[in-house]
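Trainee: got a structure for you, letters missing:
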């Protein structure tokens, strides 16, 4: 499959970027090395 953008890292920044690109019509793939759901302190309190 061909993608317009591949975003590495599904943290706050990566997820936001992937969502923004997808909403603009880009065929976007979001990749993270760990599976979800998982405990992640950096975004836990937002």
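Mentor: Done, it's in. Given the structure is predicted, the values throughout are model-derived calculations rather than measurements. Numbers count the residues shown, from 1 in each chain.
Trainee: what's the following helix or strand after the longest helix along the chain?
Mentor: In the chain, taking DSSP state H as the definition, the longest helix is helix 12-23. Following helix 12-23 in sequence order, the next helix or strand is strand 28-31 (DSSP states H and E).
Trainee: State the mean pLDDT of the longest helix of the chain.
Mentor: Helix 12-23 shows a mean pLDDT of 95.
Trainee: how about the nearest residue to the most centrally placed residue in the chain, chain neighbours excluded?
Mentor: In the chain, the residue lying closest to the centroid (Cα atoms, centre = their mean) is residue 15, at 3.0 Å. Nearest non-adjacent residue to residue 15, counting by Cβ to Cβ, 6 or more residues apart in numbering: residue 30, 6.7 Å away. Using the backbone N, CA and C atoms, a C-beta is placed for each residue, glycine as well.
Trainee: Not counting its own residues, what contacts stretch 18-34?
Mentor: 2-11, 14-15 (Cβ atoms under 8 Å, 6 or more residues apart in numbering).
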